[in-house]
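Chemist: give me a 3D structure for the following:
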Amino acid sequence: MKTYLEPQNIDEAKKLIETYRAVNIEEIETLFHYHIADVVARKLTGYGSQFTCSLCLAVKTDCNVCVYGESVGCGIGENENTFMQIHEAETPAELLKAFHDRADHIEKLIRKKKDHAKDS
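Modeler: All right, here's what the predicted structure looks like:
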């Protein structure tokens, strides 16, 4: 059985939600002409790299105390769908939708973690 560890980057997760929601289509379009979705996402939000992700940086890459909950948890299990949605976006509109879906997903994770903490 996996031991539950309290996430240490909830505040950063809330800021990341705001970042995902603040990005606009024009910002994406400007970069999309020169880069694939992963690179655009990294430049705008820190997505996809432990060296640029605000959540990774906040926990010093100790994934066990990340809101995602495990090593490379951002891209596996219940988090894989929205991670891959960003990775596979082929248009600026798809990437914008992926950002919003990822923000919604992170909000759900935070609620789930808070509920788990109450039950513990």
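Chemist: is it true that K15 touches L55?
Modeler: No - with contacts counted by C-beta atoms under 8 Å, K15 stays clear of L55, the gap being 9.4 Å. (Each C-beta comes from the backbone N, C-alpha and C, glycine too.)
Chemist: now this structure, which segments are flagged as low pLDDT?
Modeler: Where the chain drops to pLDDT under 70, the residues are 1-4, 116-120.
Chemist: ok, now which ones touch A103?
Modeler: Neighbour list for A103: 16-17, 20-21 [criterion: C-beta atoms under 8 Å, 6 or more residues apart in numbering].
Chemist: out of those, who's the most crowded?
Modeler: Neighbour counts for these (other C-beta atoms under 10 Å) peak at Y20, which has 24 neighbours.
Chemist: what's near enough to touch that one?
Modeler: Contacts of Y20 by C-beta under 8 Å, 6+ apart are 45, 99-100, 102-103, 106.
Chemist: report the buried members of these.
Modeler: Buried members of the contacts of Y20, counted by 16 or more other C-beta atoms under 10 Å: 45, 99, 102-103, 106.
Chemist: thinking again about what came up before, can you put the contacts of Y20 in a markdown table and add distance to V72 and secondary structure?
Modeler: Converted to a markdown table, the contacts of Y20 look like this (distance: C-beta to C-beta, whole Å; DSSP: H, G, I helix; E, B strand; the rest coil):
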| residue | distance to V72 | secondary structure |
| --- | --- | --- |
| T45 | 17 | helix |
| F99 | 20 | helix |
| H100 | 23 | helix |
| R102 | 16 | helix |
| A103 | 20 | helix |
| I106 | 16 | helix |
